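Trainee: below are the sequence and a predicted model; questions follow.
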Amino acid sequence: MQLGLPIPFQKFLKLKQPPYGEPIDLIFCWGVHRVTGIGSSTLIAVNASSRYSLVFAGMKAASWKHIDELVISGIKQAMEGDGYTAEQIETYLAAAGPPEFTKTHGRSPVACMNKAIETLGYMEKWLDESQLFQPDITWRLNEDFCHATGFPDESYGNPWKYLFRDLRRLGICEDDYELSRDIAYQLKLAYERAKSTQEWSDRIDRARESLESGKRLYPSDLQYL
């Protein structure tokens, strides 16, 4: 797995200039950067192919020394939250290999990362200062309607869908995953509506039925059922 560091981030970390990575599938490449516009100090990792993103807020001095470990942990948490099985996640990580710092992966992935950072700037109200990894902001950022480097023939789509299609291309997951993730998103929207109206909508009832029938839902939503 390659973790591409922009030059300003290399200087912040006081690292020697990393090498160019060996050419590999962009699904195994991530751009990593420091963001100062949300929370006290924030780390973002953006997949070079799908623009699937991970967000960590409240980084401390010691945290910056373990970026590679944080990215691996974030991948596990984000993918688990999106309904992937432990086996699927471990298959992806095994195929990606150990993380290594490299230069960034070209203009298009960097542009996509910058766009993700711009979008992140509008999401501070969902910041959870009690934890480093930000599952809610990560979820919302991966719902963004955007361009992704790994899908040049398509104008726009969602990062979580692009990641799913990359993983399907590699044989890691199958078509039924996309439906269950859509159900989870509908549940999240319905719960937000229920919080303000104090009423359970028909959409939540349908989501509950889907859960009972074995569909995978976003873990943090299960407490609301």
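Mentor: The structure has been received and is ready for your questions.
Trainee: would you map the strands across the chain?
Mentor: All strands of the chain, identified by DSSP state E, fall at 2-4, 29-35, 42-47, 53-57, 100-102.
Trainee: can you give me the pLDDT of the most centrally placed residue in the chain?
Mentor: Closest residue to the average C-alpha location of the chain: Ser53 at 3.1 Å, with Cα atoms, centre = their mean. Predicted confidence (pLDDT) for Ser53: 97.
Trainee: dump the residue contacts of it.
Mentor: Ser53 makes contact with 44-47, 116, 120, 138, 141-142, 159, according to Cβ atoms under 8 Å, 6 or more residues apart in numbering. All C-beta atoms are positioned from the backbone trio N, CA, C, and that covers glycine.
Trainee: repeat that for Ile72.
Mentor: Residues counted as contacts of Ile72 (Cβ under 8 Å, 6+ apart) are 1, 93, 99.
Trainee: ends of stretch 140-153, how far apart?
Mentor: Start-to-end span of stretch 140-153 (Cα to Cα, to the nearest Å) is 24 Å.
Trainee: which other residues reach it?
Mentor: Residues outside stretch 140-153 that contact it (Cβ under 8 Å, 6+ apart) are 26-27, 48-53, 55, 78, 82, 106, 108-109, 112, 115-116, 119-120, 123, 126, 154-160, 162-163, 165-166, 185.
Trainee: what subset of these is buried?
Mentor: Among the contacts of stretch 140-153, those classed as buried by neighbour count (16 or more other Cβ atoms under 10 Å) are 26-27, 48-53, 55, 78, 82, 109, 112, 116, 119-120, 123, 126, 157-160, 162-163, 165-166, 185.
Trainee: from those, which land in helices?
Mentor: Using DSSP state H to define helices, the subset of the buried ones among the contacts of stretch 140-153 located there is 78, 109, 112, 116, 119-120, 159-160, 162-163, 165-166, 185.
Trainee: just put these in JSON lines and tack on distance to Gly150 and pLDDT.
Mentor: Formatted as JSON lines, the entries for those read as follows, by distance: Cβ to Cβ, whole Å; pLDDT from 0 to 100:
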{"residue": "Ala78", "distance to Gly150": "17", "pLDDT": "92"}
{"residue": "Pro109", "distance to Gly150": "9", "pLDDT": "95"}
{"residue": "Cys112", "distance to Gly150": "10", "pLDDT": "95"}
{"residue": "Ala116", "distance to Gly150": "14", "pLDDT": "95"}
{"residue": "Thr119", "distance to Gly150": "18", "pLDDT": "92"}
{"residue": "Leu120", "distance to Gly150": "20", "pLDDT": "92"}
{"residue": "Pro159", "distance to Gly150": "10", "pLDDT": "95"}
{"residue": "Trp160", "distance to Gly150": "13", "pLDDT": "92"}
{"residue": "Tyr162", "distance to Gly150": "7", "pLDDT": "94"}
{"residue": "Leu163", "distance to Gly150": "9", "pLDDT": "95"}
{"residue": "Arg165", "distance to Gly150": "9", "pLDDT": "92"}
{"residue": "Asp166", "distance to Gly150": "6", "pLDDT": "95"}
{"residue": "Tyr185", "distance to Gly150": "22", "pLDDT": "57"}
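Trainee: now these as a markdown table including distance to Gly31?
Mentor: A markdown table is the format used below for those (distance: Cβ to Cβ, whole Å):
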| residue | distance to Gly31 |
| --- | --- |
| Ala78 | 15 |
| Pro109 | 6 |
| Cys112 | 8 |
| Ala116 | 9 |
| Thr119 | 14 |
| Leu120 | 13 |
| Pro159 | 13 |
| Trp160 | 17 |
| Tyr162 | 15 |
| Leu163 | 15 |
| Arg165 | 19 |
| Asp166 | 16 |
| Tyr185 | 25 |
